[in-house]
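J.: turn this into a structure:
(one chain, ligands or ions: 1)
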Amino acid sequence: MQIDALTLDSPFILAPLAGYTDLAFRLLCREYGAGLCYSEMISSHGLVYRQQNTIDLLQSVADERPVAMQLFGAEPEIMAEAAAIACELAAFDCIDINMGCPVKKVIKRGAGCALMREPKLAAQIIRRVADSAKVPVTVKFRSGWNHHSITAVAFAQMAEDSGARAVAVHARTWTDGFSGEVDWGVIRAVKAAVKIPVIGNGDIHSHEEGKRMMRETGCDGVMIGRAALGNPQIFRAGAAMLPSRHSRLTALGRHLELIARFFAVERVLAKTKNHAGKYFKGLTGGAAIRARLYDCKSFAELQKTVAAYLGREDL
Ligand SMILES: Cc1cc2nc3c(=O)[nH]c(=O)nc-3n(C[C@H](O)[C@H](O)[C@H](O)COP(=O)(O)O)c2cc1C
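T.: Numbers count the residues shown, from 1 in each chain. The predicted structure follows:
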């Protein structure tokens with residue numbers, strides 16, 4: 001898959017997940033074969049006001065590239081300035097604009113999926129960001145606002161005309177939230193309507209299913225979100241639907257190494273345990289392992305516990 005001059009070595013892409021897709025997790029998914037990883041959503045206001053916790057979200061290293069930084073906001077001027085600041089402070093390959101987030105806090109400010117109800121404003125935002133960014137701009141949105149308003153095709157055409165170099169479509173509406181059926185027909189219709197690459201998204205649970213989405217909708221790439229949590233192996237061709245315990249512990253062990261490389265480990269302990277717990281979802285005996293990991297009082301104890309599990313022959 002190609003976004004402008006950027007060639008991805010795999011069409012499997014890590015979706016932006018607030019609270020999860022930080023540098024360590026993105027790099028881990030890259031190591032397992034993801035062709036491109038998206039950052040957590042980054043507040044345009046936070047960047048413009050140069051808030052340190054927002055700037056921290058831009059943290060990146062050369063080994064993880066290509067990487068996309070995702071911005072959210074509703075004011076064209078602020079979004080353009082934020083894009084310029086991001087380009088000045090960090091090296092990355094794409095800027096994505098969040099036009100799909102359904103969360104109240106974001107919608108209330110007219111950002112995220114609310115922009116699907118304001119296509120003229122959305123067009124201005126895309127145009128201004130594309131003019132000020134030094135990298136290609138992508139846009140992520142949904143099927144539409146609700147089932148009476150499935151506007152993804154017109155929205156994708158608007159994005160293309162406004163300067164977007166690829167679009168990602170989460171084929172659910174705002175009213176669907178994160179459940180309800182994903183409509184592959186919407187992805188197929190968007191693909192037929194634009195020339196820029198189309199990334200399909202929503203409920204892909206395996207590499208195989210992702211390939212089927214590309215085959216059946218014609219989309220150029222697939223974006224995987226929740227199914228990658230605790231399962232970065234999903235990006236590997238031929239990966240088992242349910243990884244073995246050994247494979248899970250190996251991936252988690254590597255994840256912990258990367259967290260230790262980039263972050264102040266004790267400060268991110270709660271978040272780390274949350275990530276760690278995901279590795280044992282759906283595994284027989286997983287609840288006991290999860291409980292043990294949640295009990296750890298320090299990062300070092302967590303790391304030791306994972307290493308001990310890994311060394312056990314019976315797992
Ligand atoms: C915990 C969580 C955080 C998310 N954060 C973002 C975000 O920051 N930006 C965004 O565009 N979408 C965000 N999403 C939506 C995902 O990127 C994706 O579109 C959605 O989860 C559907 O894909 P999936 O079924 O593969 O998870 C988030 C979803 C979840 C569950």
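J.: can you report how many residues lie near the residue lying closest to residue 161 once chain neighbours are set aside?
T.: Nearest non-adjacent residue to residue 161, counting by CB to CB, 6 or more residues apart in numbering: residue 123, 7.4 Å away. Just so you know, the C-beta spots here come from the backbone N, C-alpha and C atoms, and that holds for glycine as well. Residue 123: 19 surrounding residues under other CB atoms under 10 Å.
J.: so who does residue 123 touch?
T.: 158-159, 161-162 (CB atoms under 8 Å, 6 or more residues apart in numbering).
J.: how about TSV for those residues, with neighbour count, secondary structure and distance to residue 273 added?
T.: Formatted as TSV, the contacts of residue 123 follow (neighbours: other CB atoms under 10 Å; DSSP: H, G, I helix; E, B strand; the rest coil; distance: CB to CB, whole Å):
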residue	neighbour count	secondary structure	distance to residue 273
158	18	helix	42
159	28	helix	38
161	12	helix	45
162	19	helix	42
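J.: farthest pair in those?
T.: 159 and 161 (7.4 Å; CB to CB).
J.: can you tell me the SS state at residue 140?
T.: Put simply, residue 140 is strand when judged by DSSP: H, G, I helix; E, B strand; the rest coil.
J.: excluding chain neighbours, what is closest to it?
T.: Leaving aside its sequence neighbours, residue 140 sits nearest to residue 168 (CB to CB, 6+ apart; 4.1 Å).
J.: roughly how far does the one you found sit from the ligand?
T.: From residue 168 across to the ligand, the span is 8 Å (CB to the nearest ligand atom, to the nearest Å).
J.: state the mean pLDDT of the helix or strand that contains that residue.
T.: Element membership of residue 168 [criterion: DSSP states H and E] is strand 166-173. Averaging pLDDT along strand 166-173 yields 98.
J.: contact residues of the stretch 1-150 of the chain facing the ligand?
T.: When proximity is defined by CB under 6 Å from any ligand atom, the stretch 1-150 of the chain lies next to the ligand at 15-19, 40-41, 70, 98, 100-101, 140.
J.: could you flag which of the residues you listed are buried?
T.: Burial by neighbour count, judged by 16 or more other CB atoms under 10 Å, picks out 15-18, 40-41, 70, 98, 100-101, 140 from those.
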